[in-house]
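>>> sequence unknown, structure follows:
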């Protein structure tokens, strides 16, 4: 893993700590508080060779002495651009990372530990964390990620028999620093770990994505070749990293390099979720290019949903320009489902203006499904006006389920004359949990 990458991750951790510290105080922060938080963050990420000191109460400052000279050449320095920490201060800094009352100080101490980890001292740090009983959540994951990056197979072999949740993050870190080594471990998984293979493949793809998006994409496609759902999940993880690194516009370019199919559709949906929140018109212009492809269905639906929440008229005007098909229909269904919540009267007027068509059926279905929670009898009247018998049956069943949750007795009376099949009536009376 490149030096820059983990340094950026540590910088984010410190920034989050600073924000938490400032935000936790009652009222608006003073200029002095903001300056103090910014200075602390600068001290954690700058390349300095002085003492590790957060304030005069710092136990680590009193016990660890100098933090090493400039330009150290230890394993972590080579991987991450870090410093060295003398052994005498290791336990003190670990205790500070867990027990210091100041949340910013805890984060700074933990970042310092990560900077100074080696394959040799990682176990000592881990034992200290376990003894203190406080390293959990993101802190535990980050520690294991760093250990995996430093020690590779050694960290993996320990993690696979550990009582703590070490394995996933350790393998992800190993894959980030040594993709070939992490991939090779799959060829020699013991029998008792074969059931974890899909999960481990996800860890490896996530780690490689931190290192090389193109390689992560190739590996995800290979792992998902025989299991479409698994491949979709893996590519969503790569999409998350593409979004983090370059934002929606850059990630949308990456999506276009993927082979057509369900996995591409899954990645497209994930990128669209972010893109439409940032710029609905730009997201629509991009995704609309693929509206005639089956894989775009979820992405078009996502835009219809999110854009209609802000500007339903703009959303449906865009949907009207798309080629007829499943993607357009899904968009109409999602958009009207949002519009009815915002302005049911205006949404109803729009439905009245539509000619009978698959698009209108889809739009009514979305409207009725949402409006059933406000007015089930009106929603039933709309759903009954759907032309396609299969869509009408499905929509009336969904409306009926909402009706039953809201008014069981009223729903039972309606069912007697609903015309729904016995199977659909049973679905109404036994709705899935929301």
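Ah, there it is. Keep in mind that this is a model prediction, so the values were computed, not measured.

>>> my reading is that residue 432 lies in a helix. Confirm?
No. Secondary structure of residue 432 (DSSP: H, G, I helix; E, B strand; the rest coil): coil, not part of a helix.

>>> tell me, how many neighbours does it end up with?
Neighbours of residue 432 under the rule other Cβ atoms under 10 Å: 6. Placement of C-beta: from N, CA and C, glycine included.

>>> what's near enough to touch it?
Residue 432 is in contact with residue 401, counting by Cβ atoms under 8 Å, 6 or more residues apart in numbering.

>>> got a pLDDT number for it?
pLDDT recorded at residue 432 is 75.

>>> what do you get for residue 374?
So, for residue 374, pLDDT stands at 91.

>>> ok, now residue 390?
Per-residue confidence (pLDDT) for residue 390: 96.

>>> surely it is in a helix?
Yes. Counting by three-state DSSP, residue 390 is found in a helix.

>>> how far away is it from residue 158?
Distance, residue 390 to residue 158, using Cβ to Cβ, to the nearest Å: 55 Å.

>>> quick one: which of those two has more around it?
Neighbour totals were compared for residue 390 and residue 158, and residue 158 leads with 19 against 9 (other Cβ under 10 Å).

>>> the more buried one touches residue 164, doesn't it?
No. If you go by Cβ atoms under 8 Å, residue 158 and residue 164 don't touch, sitting 10.0 Å apart.

>>> show me whatever sits in contact with both of the two.
Joint contacts of residue 158 and residue 164 (Cβ under 8 Å, 6+ apart) do not exist.

>>> ignoring the adjacent residues along the chain, who's closest to residue 98?
Nearest non-adjacent residue to residue 98, counting by Cβ to Cβ, 6 or more residues apart in numbering: residue 134, 3.8 Å away.

>>> can you classify that neighbour by secondary structure?
For residue 134, the assignment made with three-state DSSP gives coil.

>>> distance check, it against residue 96.
Applying Cβ to Cβ, the value for residue 134 to residue 96 is 11 Å.

>>> do the same with residue 397
Residue 397 sits 59 Å away from residue 96, going by Cβ to Cβ.

>>> so the two - more neighbours on which side?
Ranked by neighbour count (other Cβ under 10 Å), residue 397 and residue 96 place residue 96 first, with 27 against 20.

>>> longest helix in this protein, by number of residues?
helix 228-256 (DSSP state H).

>>> rounded mean pLDDT for it, please.
Helix 228-256 carries an average pLDDT of 95.

>>> how far does the very next helix or strand once past it sit from the chain's center?
Following helix 228-256 in sequence order, the next helix or strand is helix 262-278 (DSSP states H and E). Its chain's C-alpha centre and that of helix 262-278 lie 12 Å apart, by Cα atoms, centre = their mean, to the nearest Å.

>>> with stretch 172-181 instead?
21 Å.

>>> can you give me the end-to-end span of that stretch?
12 Å (Cα to Cα, to the nearest Å).

>>> just the mean pLDDT for it, thanks.
pLDDT averaged over stretch 172-181 gives 96.

>>> how about stretch 104-118?
88.

>>> same question, stretch 346-364
When pLDDT is averaged along stretch 346-364, the result is 97.

>>> pull the residues that contact the helix or strand where residue 335 lies.
If you go by DSSP H and E, residue 335 is part of helix 326-342. Applying Cβ under 8 Å, 6+ apart, the contact partners of helix 326-342 are 291-294, 296-305, 307-309, 312, 315-316, 319, 322, 346-348, 350-351, 358-359, 361-367, 369-371, 374.

>>> now restrict the residues you listed to buried residues only.
The neighbour count (16 or more other Cβ atoms under 10 Å) marks 291, 293, 296-305, 307-309, 312, 315-316, 319, 322, 347-348, 350-351, 358-359, 361-367, 369-371 as buried among those.

>>> do you know how far the residue sitting nearest the centre point of the chain is from residue 389?
The residue lying closest to the centre of the chain (Cα atoms, centre = their mean) is residue 240, at 6.3 Å. The spacing between residue 240 and residue 389, counted by Cβ to Cβ, is 41 Å.

>>> what residue ranges in this structure score low on pLDDT?
1-88, 433-434 (pLDDT under 70).

>>> list the buried ones in stretch 383-403?
In stretch 383-403, counting by 16+ other Cβ under 10 Å, buried: 383, 386, 388, 391-403.

>>> in helices, which of those residues appear?
Counting by DSSP H, the buried residues of stretch 383-403 contribute 383, 391-403 to helices.

>>> mind putting the residues you listed in TSV, distance to residue 219 included?
Converted to TSV, those look like this (distance: Cβ to Cβ, whole Å):
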residue	distance to residue 219
383	45
391	40
392	45
393	43
394	39
395	42
396	45
397	42
398	39
399	44
400	46
401	41
402	43
403	48
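
>>> report the two of those separated the most.
Among these, the pair separated by the greatest distance (Cβ to Cβ) is 391 and 403, at 18.1 Å.

>>> mind listing what residue 217 touches?
Contacts of residue 217 by Cβ under 8 Å, 6+ apart are 235, 238, 254, 257, 258.

>>> can you tell me how far it sits from residue 342?
The value you get for residue 217 to residue 342, if Cβ to Cβ is used, is 38 Å.
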